[in-house]
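>>> okay, here's the prediction I keep looking at, along with the sequence it came from:
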Amino acid sequence: MSDYEFANVDHLKRDLAIEGETGTELGLEGGITLIVLAATDANPRWKARREQIRAELNRLSNAMADGRRSRDYLAGIYAETIVKGWHYTDADGKRHVGPLDRAGNAIPFSRDACKAFLQQVDDAYSAVDAIIYDTKNFRGARIEAVVERVGNS
């Protein structure tokens, strides 16, 4: 224990419970929210697999696999170790257990459904990939993904 106690620094400290247990809400455009954990040692599922993940990414890189193969692999890893749930809020404010299928039925969270979602929804995959490695993103209950649109001017 230190002889020093600092005031006004709590916002600079990591929240290990959010990083590895409860997660933070990642709000996506269109009312979909993913509950995500950090890719840090505070996340036991990530920690247990990180060496295997690194080895497989190196193998894919050495095999000169296209970006799609690496992304598909990481989508599965994120579904297993990072994303722990989801929900969808429609335009009327009604909350559903997950994104809707083409028939309008909510899809409950499962690792298989999450992997398929991350493989199909480019902005969702990019948002997860962009935030999980920075512990600063796991200090509060919710963050919003910002998707930049680049157009020809």
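Great, that's in hand.
>>> buried sites along the longest helix along the chain?
Ranked by residue count under DSSP state H, the longest helix found in the chain is helix 44-62. By neighbour count on 16 or more other C-beta atoms under 10 Å, the buried set for helix 44-62 is W46, R50, L60. All C-beta spots, glycine's among them, are computed from the backbone N, C-alpha and C.
>>> chain center to that helix: distance?
17 Å (C-alpha atoms, centre = their mean, to the nearest Å).
>>> quick check: mean pLDDT of the next helix-or-strand element following that helix?
Per DSSP states H and E, helix 44-62 leads on to helix 67-81 as the next helix or strand towards the C-terminus. Mean per-residue pLDDT for helix 67-81: 96.
>>> does anything pack onto helix 67-81? Which helices or strands?
Secondary-structure packing of helix 67-81 (3 or more C-beta pairs under 8 Å, 6 or more residues apart in numbering; DSSP states H and E): helix 44-62, helix 111-120, helix 122-131.
>>> just want the angle from the longest one to helix 67-81.
Helix 44-62 and helix 67-81 meet at an angle of 170 degrees, taking axes from the mean of the first three to the mean of the last three C-alpha atoms, to 10 degrees as the criterion.
>>> the last one now?
Counting by the same axes, to 10 degrees, helix 122-131 lies at 70 degrees to helix 67-81.
>>> residues touching the lengthiest strand in the chain, excluding its own?
Criterion DSSP state E: the longest strand present in the chain is strand 83-89. With contact meaning C-beta atoms under 8 Å, 6 or more residues apart in numbering, strand 83-89 is reached by 23, 31-37, 95-100, 106, 109, 114, 117-118, 128.
>>> what's the closest of the helices and strands packed on helix 67-81 to D10?
Nearest to D10, of all the helices and strands packed on helix 67-81, is helix 122-131, at 20.7 Å by C-beta to C-beta.
>>> which of the residues in the next helix or strand after that closest one are buried?
For helix 122-131, the following helix or strand on the C-terminal side (DSSP H and E) is strand 142-144. Using 16+ other C-beta under 10 Å as the test for burial, strand 142-144 gives I143.
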